[in-house]
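A.B. asks: Next one to model:
(chains A and B)
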Amino acid sequence: MKNFLLTSILTVLLMALTACGGQTSADGGEVFEYGAQKNTDPKIMGQIVKLLVEDQTDHEVNITEDIPASPQVMSAIDQEDFDFATLYSGEVYNNHFDEDQVDYTTDPEKTLKQAQELFGAKYDMKWYDSIGFSNQYSIAIKQSFADEHGIETMTDLGSVADQVTIATDNSWIERENDGYQGYQEAYGYEFADARGMDVALMYKAIENGDVEAVTAYTVDPQIIEYDLTILEDDEKFFPPYDASLVARNEILDEFPEVAEILDSIVGLVSTEEMTELIRLVDMEEQSTEEVAREFLLEKGMLE
Amino acid sequence: MELLTDYIDFWQDKYESILTYMWEHLVISFVVMLLSIVITIPLAIYMTKMKSERIKGMIFNIANVFQTIPTVALLAIMIPLMGIGFKPAVAALFLYALLPLLRNTYTGIQSIDPSIVEAAKGMGFSSFGRLMKVELPAALPYVMSGIRVTTVYIISWTTLAALIGAGGLGDLILAGIGYNDKQMIFTGTLLAIVIAMLLDLLFQTFEKKYSKA
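C.D. replies: Have a look, this model is predicted:
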C-alpha cells in the first residue's frame, strides 16, 4: 500500500514536470508561450495570435496574463519563458539603454526603427512592424471643461494649469524623457498638483471630479465612456508607443509557418479598432477570446 | 563596485523625492496605526466583557469581510465617498488593520488566567479597577504583540496608498516597475522593510521595559 502511494505520487509529480517542460500540443505540435502585460490590448493581441496559430497549424499557444509591465515581459522573453508578446516602440526610451545608444525623438518611424534594432539585438528577437495601433501617453480632460475654457491643445491647458490637478500612473512623475519634468520644460507650466495612482482609479477620480486632467493612454475606452477629450500634443512632446508583436528568433527560424502568421498581423488593427475591442472587454465584459474571434471573423481571417 | 557607486549617484540624484515618499509613508502608517489602536483595543476589551456570542461573531465577521475585499475594489469604492489622496488611503488601510488587531487583542485578554480575575474580585476591586490594575497589565504582552504584528502589516500595506494618489514608498516601487528602474524598486522595498523592522524593535524594547515593571 505504501509503495502504491509512493509510486502514484511520483507519477503525478513526473507528469506535472513533463507538462511544464515537454510541451506537445494535442495535435502533436509545439506549445508556444505568449506573455501579456496588465493592460487589455496585449491580452487581445494574445488571443488573436492564439486563434490564428491554432487555426492554421498544429501548434498551440498558451497565454500568461497580467505581467506588471513591459520590462518584466522582456526579462521573461530573455529567460525563454515567453516566445511572443506585444510591445511598444516607445519602450526603447524606458531606461533600457545608455543615453549614447538611443537617440530620443518623438518621430514614430525613427522610434520604431531604434526599438527593432536595439531590442532585437539585446533579446535575440524579432520586433515586427506596427500592428497598426498606438497606445501612447496623452493628456485628457473632460469635454465640458475643455468647452468651458476653450482648450484644444496642451499649450492651451497652460492658461488654467494653476487650477488643474492631474492624476497620472505611478511612473509618469519619475520618468525622465517623457515624464512630468520633461513636460514642464516642453510646455513651460506646471499643474497645481500631480498625483500618481492606479490607472483604473485615475479615471474614477476624473469622473468623480477629484482631478481635472489625467494622463490617458490613447486606446483607453474610458476616454469615450467618460466623455473625455485628448488634447493635441502641439509641441510633439510625447513619444510614440506603436504596438508591435515580438517573437524569439529561435522560434521563427524553426517554425516558418508561425513567422508567416505573425507577418499577417502587421497593420491589422487600427487605434480606433483597438479602442473599440478594449471597450467590449473592459466595459461590456466580453471575454478577450470572444472579442478577438469576432474581430478576425469580420476581417475574414477566420472562418 | 560600479553597482554601488551607481546606487550612491541614484540617492544623490533623488534623495529629496525619496525622503518625501518616506515621509508620506510614515505619516499614513502612523495615522492608521493610531486610529486602529484607539478604536480597536477598547472595542476588543469591551468584547471580552460581552455576553452575547452572536454580536461578537458578527463583529469578527465584519472585520473578516473587510480583510477579503480586493484592494483596488475597496479603493474604487472609496473615491465617490472620500475622493483621492490621504483620506481614502487611511480609511482603507484602517479597515484592513481592523481584523489582526482586534483578534490579537481579544485572544490576548481572553487568555488571562481566570483565577487571577477571581482573586482580584475577592480583594474587592471594582470592575474598572480590576481592568486597569489586573487585567490590562496581565494582557499587555498580548496586546503589544497584536500591535507589533499589525504595525508590520500596515507598513507593508501602506505601499498600496500609491494606488489612490496618497504617495508613499509604493509610489517609488510602482514607478520603478513602470519605468524599468530597479534602483527605485529596490529603494522603496528596502526602506519599507527597514521602517517595519525599526518599529518592531521599538515595540519590543517598550514591551520588555513594561513587562518587567
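A.B. asks: On the three-state scheme, B:G124 is what?
C.D. replies: Here B:G124 is recorded as coil under DSSP: H, G, I helix; E, B strand; the rest coil.
A.B. asks: model confidence over stretch A:133-142, on average?
C.D. replies: Averaging pLDDT along stretch A:133-142 yields 94.
A.B. asks: Repeat that for stretch A:226-240.
C.D. replies: pLDDT averaged over stretch A:226-240 gives 93.
A.B. asks: now what about stretch A:173-190, what contacts it?
C.D. replies: Defining contact as C-beta atoms under 8 Å, 6 or more residues apart in numbering or on different chains, one finds that stretch A:173-190 is touched by A:90, A:93-95, A:104, A:137, A:154-155, A:157-158, A:161, A:168, A:171-172, A:194, A:196, A:235, A:237-239, B:17, B:171-172, B:175-176, B:179, B:181, B:184. Where you see a C-beta, it was placed from the backbone N, CA and C, and this is true even at glycine.
A.B. asks: Give me the buried subset of those.
C.D. replies: With burial judged by 16 or more other C-beta atoms under 10 Å in any protein chain shown, the buried subset of those is A:90, A:93-95, A:137, A:154-155, A:157-158, A:161, A:168, A:171-172, A:194, A:196, A:237-239, B:17, B:171-172, B:175-176, B:179, B:181, B:184.
A.B. asks: any idea whether the residue in the stretch 1-150 of chain A that chain B sits nearest to is helix, strand or coil?
C.D. replies: Closest to chain B within the stretch 1-150 of chain A is A:P71: 3.9 Å, counting by C-beta to the nearest C-beta. Here A:P71 is helix, with the state taken from three-state DSSP.
A.B. asks: Now it: closest residue in space that isn't a chain neighbour?
C.D. replies: Closest residue in space to A:P71, ignoring its immediate chain neighbours: B:N180 at 3.9 Å, by C-beta to C-beta, 6 or more residues apart in numbering or on different chains.
A.B. asks: Settle this for me: that neighbour is touching A:P68, isn't it.
C.D. replies: No - at 10.7 Å, B:N180 does not count as touching A:P68 under the criterion of C-beta atoms under 8 Å.
A.B. asks: which bits of chain B sit near chain A?
C.D. replies: Residues of chain B lying near chain A by C-beta under 8 Å from any C-beta of the partner chain: B:17, B:72, B:75-76, B:79-80, B:83-85, B:162-165, B:167, B:170-172, B:174-181, B:184.
A.B. asks: Any idea how many residues pack against residue 159?
C.D. replies: Let's take chain A. Look at A:S159: counted by other C-beta atoms under 10 Å in any protein chain shown, it has 12 neighbours.
A.B. asks: let's do chain B instead
C.D. replies: 20.
A.B. asks: Then A:Q116?
C.D. replies: By the measure other C-beta under 10 Å, the count of residues near A:Q116 is 19.
A.B. asks: part of a strand, is it?
C.D. replies: No - applying three-state DSSP, one finds A:Q116 to be helix, outside a strand.
A.B. asks: Can you tell me the element A:G35 falls in?
C.D. replies: Per DSSP states H and E, A:G35 falls inside strand A:31-37.
A.B. asks: Which helix or strand contains residue 75?
C.D. replies: In the absence of a named chain, chain A is used. Assigned by DSSP H and E, A:S75 falls within helix A:70-78.
A.B. asks: Wait, chain B was what I had in mind.
C.D. replies: Taking DSSP H and E as the definition, B:L75 sits inside helix B:71-82.
A.B. asks: Looking at B:N180 and A:P68, which has the bigger crowd around it?
C.D. replies: The residue with more neighbours, out of B:N180 and A:P68, is B:N180; 20 against 12, by other C-beta under 10 Å.
A.B. asks: Which pLDDT value belongs to that one?
C.D. replies: 82.
A.B. asks: do the same with the one 3 residues further on
C.D. replies: At B:Q183, the model reports a pLDDT of 92.
A.B. asks: can you count the residues close to it?
C.D. replies: 18.
A.B. asks: State the distance from it to A:G267.
C.D. replies: 38 Å (C-beta to C-beta, to the nearest Å).
A.B. asks: so where do the helices sit in chain B?
C.D. replies: For chain B, the helices defined by DSSP state H occupy B:2-49, B:53-68, B:71-82, B:86-110, B:114-122, B:127-130, B:136-157, B:169-179, B:182-212.
A.B. asks: Give the buried residues for the fifth one.
C.D. replies: Same thing as helix B:114-122. Buried, per 16+ other C-beta under 10 Å, within helix B:114-122: B:117, B:120.
A.B. asks: Count the residues that sit near the residue of the stretch 1-150 of chain A closest to chain B.
C.D. replies: Neighbouring residues of A:P71 were enumerated by other C-beta under 10 Å; the total is 21.
A.B. asks: residues in contact with it?
C.D. replies: A:91, A:94, A:96, B:177, B:180.
A.B. asks: Just give the nearest non-adjacent residue to the third one, would you?
C.D. replies: Across the structure, with C-beta to C-beta, 6+ apart as the measure, the residue nearest A:H96 apart from its sequence neighbours is B:N180 (6.2 Å).
A.B. asks: Spit out the contact partners of that neighbour.
C.D. replies: Residues counted as contacts of B:N180 (C-beta under 8 Å, 6+ apart) are A:69-71, A:94-96.
A.B. asks: Next one: it from B:F30, what distance?
C.D. replies: For B:N180, the distance to B:F30 (C-beta to C-beta) stands at 32 Å.
A.B. asks: gap between the nearest residue to B:L35 once chain neighbours are set aside and A:E91?
C.D. replies: The shortest distance from B:L35 to any non-neighbouring residue, by C-beta to C-beta, 6+ apart, is to B:F94 (5.3 Å). Taking C-beta to C-beta as the measure, B:F94 falls 38 Å from A:E91.
A.B. asks: before we move on, what about A:Y203?
C.D. replies: Distance from A:Y203 to A:E91, by C-beta to C-beta: 23 Å.
A.B. asks: How is chain A divided into domains?
C.D. replies: Domain ranges of chain A: A:28-135+A:240-299, A:137-230, per the TED database.
A.B. asks: In JSON lines: these, plus distance to B:L99.
C.D. replies: Output for the domains of chain A, formatted as JSON lines (distance: least, C-beta to C-beta, whole Å):
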{"stretch": "domain A:28-135+A:240-299", "distance to B:L99": "27"}
{"stretch": "domain A:137-230", "distance to B:L99": "23"}
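A.B. asks: nearest to B:K56, of the ones you listed?
C.D. replies: Judged by C-beta to C-beta, the one of these that comes nearest to B:K56 is domain A:137-230, at 34.9 Å.
A.B. asks: from the middle of its chain, how far away would stretch A:97-116 be?
C.D. replies: Using C-alpha atoms, centre = their mean, to the nearest Å, the mean C-alpha position of stretch A:97-116 is found 18 Å from that of the whole chain.
A.B. asks: List the buried residues for that stretch?
C.D. replies: Applying 16+ other C-beta under 10 Å to stretch A:97-116 flags A:102, A:106, A:108, A:111-112, A:114-116 as buried.
A.B. asks: which pair in these spans the largest distance?
C.D. replies: Farthest pair in the buried residues of stretch A:97-116 (C-beta to C-beta) is A:T106 and A:Q116. Separation: 17.0 Å.
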